[in-house]
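In: Next input, structure requested:
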Amino acid sequence: MTTRSLSVAAALAGLMTAANVQAFYLPGVNPHSYSEGDPVKLSVNKMTSSKTLLPIEFYKLPFCQPVEDIERANENLGEFLAGDRIENSPYKLEMKKDKYCEQVCVTNLGPGERRGVTPNKVVRAIRGEYHNNWIVDNLNSASKAEDDTVESTRYWQGFPVGFKSKEDDKAYVNNHVNLEIDYHPVEGQDGQFRVVKFVIEPFSIQHEIDESKADINVDADDDNAKAETAVIKHPIESCDATIPEQQHTSYAMVTQSGRLPQPASGRVLFTYDVIWKENLDIHWASRWDVYLSMDSAVPAKVHWLSILNSLVIVCVLSAMIISVLLRNLRQDLARYNRVATDEEKAEDMEERGWKLVHADVFRPPASPMVLSVACGTGAQLLAMSFWTIIFSAIGFLNPSRRGALLMAELLFFVLMGCVNGYVTARLYKNLKGKAWQRATLTTALAFPTLAFLVFFSLDILAWIEGSTDAVPFGIMLILIIMWFGISIPLVFGGAFFGYKADTIEFPVKTSNIPRQIPDQPWFMGVPFTMMIGGILPFGSCFVELYFIMASVWMEFYYYVFGFLLVVFIILIITCAEITLLFTYFQLCNEDYHWWWRSFCTAGSTAIYVFLYSIVYFKTMEANSFATYVLYFGYMGLASLGLFVMTGCIGFFSSFWFNYTIFGSLKVD
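Out: Down below sits the predicted model:
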């Protein structure tokens, strides 16, 4: 391995150590301490499905509602954009007070499953593989599942609404939950406790209700009303009040002989157990650790292998640059700058290589305004991504701060409008552009307008489907105000300083007459260079891309931002290096149209990302038109953003390369 490759590897390894690889997090809220018997609020959030990708509100289904009015929690902008809808629930919890088969209500879920009858909402939700997402003390619920041999706990995606039987292919609803809550005594405060873990174990139990007691719903209009207790025929042990020592509901009780699951239809009794456990091992500040690591479901070794895979690609490209590019460049410069002898002049030796295009290499490209706008937008997205990852690695952005990541991305994109304006203006001025106002307005509106149109179209689709992904009009208005009130003024401010800056003096003069470009070999064509130029950067980050996709579309937790920071830097290095190689080969073939070629060579990484998203989509078993449109609409927009971001990296690395080598050239 070359010295340069070793130094790159050492630097990245040091960066990983400094970043502590997985980063750390700052708790998202102030700790809330409870005394014994204090009420502990249980909230319900949107129901999600990795099959339909369309979250829906909990109370869109005929589930038990609180006696008081449904109250929605105050949510930030990021939570609204993520589709969160956090509301109160009828489940009553008191610190350290266990409950046994507590009844919530009897509710009618709708008609049963029969041929020719439209399935009710609950059946459709179960067949759509929807999951409930409940919250206690800002802590998301984990889901426990067990069978005759294995008991497992999953810390992502919540717990399922129900299940589809393999025997009769009918839907059954989980109408009973065991709420297992761990608490930790507060050090130095006697009688104070904090919630450190929240696990839900769902069951489907067919309670036989005595219909003489029709319903236990409370009349919300009657302040003196009290909930009646339904009489259950042949109750399981935990629901039998006649047993002297009640036990909490267990898998053995539910599956004993003669017990049947509850069909997702008709009148259904919903019940719950509350189980409090003292946990001295988990402290409040570290209670999210098991969620962020997903209980070690993905070992850190996988991320390390991803880093090593990326480092191998970087080292190979670095070795190629050192052995091929730098050595050849040194020989070329020595040959071009050497004073010819009389014998060489007499032989009239024909020059060849990249020196011949010195009078054309900085000739402005076709569509300079479009190129300037694309590079400015790419620089804005690059700066946004960098600062978002940095703040995430530091610990300011984490899942306990719901919506914080989306808010940060949006805020940094708006603030980095000044970078967009400056880069666009500076580049457009150096490309001898004259329509400065038009270029500035275009870069302020082009990508945001496209993104807003896609977002608005998909928002209408989500609204038609009744999904919580549909952003309210007020939030849409806030986005427009941020765009026109903050982003556009910053773009114009950056453009002002960009146009005021001095023009870059190119090291060689451009001739008046363009040089004719000789025929190029097939492997130097645009399709081939884009195919090769994109696959190596994609190969350096595709493992982390899988986890990011799972976080976005499968409700997994992603918090290894230390790894992501390293992979992000490797992606930048890889895009720059592969573009330098192709730019050098292109100039050696006397083709000076490198401006757009360098942009597209690195930008083609996004094409591979979009193709990968197609492969990933096949694993999601989606089958509705709305799901197809939402998924590929957002992935197409994300791929376009990645195209201009990586294209910007490739363009400026080639610009610096050409400026450097032609600045070292002696031209008569």
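
In: Secondary structure element for the residue nearest the centre of the chain, which one?
Out: Note on the chain: the residue nearest the mean C-alpha position is Val552, at 4.3 Å, using C-alpha atoms, centre = their mean. Following DSSP states H and E, one finds Val552 within helix 526-553.

In: Which of the three states applies to Leu441?
Out: Of the three states, Leu441 takes helix according to DSSP: H, G, I helix; E, B strand; the rest coil.

In: for Leu479, that is, sorry about that
Out: Here Leu479 is helix, with the state taken from three-state DSSP.

In: That one: how many residues sit nearby?
Out: As a burial measure, Leu479 scores 18 neighbours (other C-beta atoms under 10 Å). C-betas here are computed from N, CA, C, even on glycine.

In: Kindly report the same for the one 10 residues further on.
Out: Residue crowding around Pro489 was assessed by other C-beta under 10 Å; the count is 14.

In: I figured Val161 hits Tyr130, correct?
Out: Yes - taking contact to mean C-beta atoms under 8 Å, the distance of 4.9 Å between Val161 and Tyr130 places them in contact.

In: Spit out the residues that contact these two alike.
Out: A shared contact of Val161 and Tyr130, defined by C-beta atoms under 8 Å, 6 or more residues apart in numbering, is any residue touching both; here these are Met47.

In: Against which helices or strands is the biggest helix by length in the chain packed?
Out: What stands out as the longest helix in the chain, according to DSSP state H, is helix 625-663. Helices and strands touching helix 625-663, by 3 or more C-beta pairs under 8 Å, 6 or more residues apart in numbering; DSSP states H and E, are helix 368-394, helix 436-464, helix 526-553, helix 561-588, helix 595-603, helix 605-617.

In: next SSE after the host helix or strand of Phe198?
Out: Mapping Phe198 onto the secondary structure by DSSP H and E places it in strand 193-203. The element immediately downstream of strand 193-203 (helix or strand, assigned by DSSP H and E) is strand 208-209.

In: ok, the residue nearest to the centre of the chain to Pro399 distance?
Out: For Val552, the distance to Pro399 under the criterion C-beta to C-beta, to the nearest Å works out to 13 Å.

In: Number of residues surrounding Pro314?
Out: Let me fix one detail, which is that residue 314 is Val and not Pro. 21.

In: in the helix holding Val552, what's buried?
Out: Of the residues in helix 526-553, those buried by neighbour count under the rule 16 or more other C-beta atoms under 10 Å are 529-530, 533-545, 547, 549-551, 553.

In: nearest spatial neighbour of Val373, skipping sequence neighbours?
Out: The shortest distance from Val373 to any non-neighbouring residue, by C-beta to C-beta, 6 or more residues apart in numbering, is to Thr443 (4.4 Å).

In: Same check on Ile535?
Out: Nearest residue to Ile535 in three dimensions, chain neighbours excluded: Tyr608, at 6.1 Å (C-beta to C-beta, 6+ apart).

In: do you know how far the one you found is from Arg597?
Out: Counting by C-beta to C-beta, the separation of Tyr608 from Arg597 is 18 Å.

In: Kindly report the same for Ile486.
Out: Counting by C-beta to C-beta, the gap between Ile486 and Arg597 amounts to 35 Å.

In: Looking at these two, which has the bigger crowd around it?
Out: Neighbours of Ile486 and Arg597, each counted by other C-beta under 10 Å, are more numerous for Arg597; the result is 23 against 14.

In: close enough to count as contact, the more buried one and Gln586?
Out: Yes - with contact defined as C-beta under 8 Å, Arg597 counts as touching Gln586 (6.3 Å).

In: if I look at those two, which residues touch both of them?
Out: Thr529.

In: Against Leu326, how distant is Leu580?
Out: According to C-beta to C-beta, Leu580 stands 10 Å off from Leu326.

In: scratch that, Val123
Out: 67 Å.

In: what's the answer for Ile569, then?
Out: Between Ile569 and Leu326 the computed distance is 22 Å (C-beta to C-beta).

In: Between the two, point out the one with more neighbours.
Out: The residue with more neighbours, out of Ile569 and Leu326 and counting by other C-beta under 10 Å, is Ile569; that gives 17 against 12.

In: In terms of pLDDT, where does Ala366 sit?
Out: The model reports Ala366 with a pLDDT of 90.

In: what's the answer for Trp436, then?
Out: We note a pLDDT of 90 for Trp436 in this prediction.

In: i'd like the first residue to be 320 from this point on
Out: Okay, residue one is now 320; in that scheme the one you just asked about reads as Trp755.

In: how about the nearest residue to it once chain neighbours are set aside, what does it touch?
Out: Spatially, and ignoring its direct neighbours in sequence, Trp755 is nearest to Tyr818 (5.9 Å; C-beta to C-beta, 6+ apart). Tyr818 is in contact with 744-745, 748, 755, counting by C-beta under 8 Å, 6+ apart.

In: what bridges to the closest residue to Val455 other than its chain neighbours?
Out: Using C-beta to C-beta, 6+ apart and skipping the chain neighbours, the partner closest in space to Val455 is Phe517 (4.6 Å). For Phe517, the beta-bridge partners are Ile500 (DSSP bridges).
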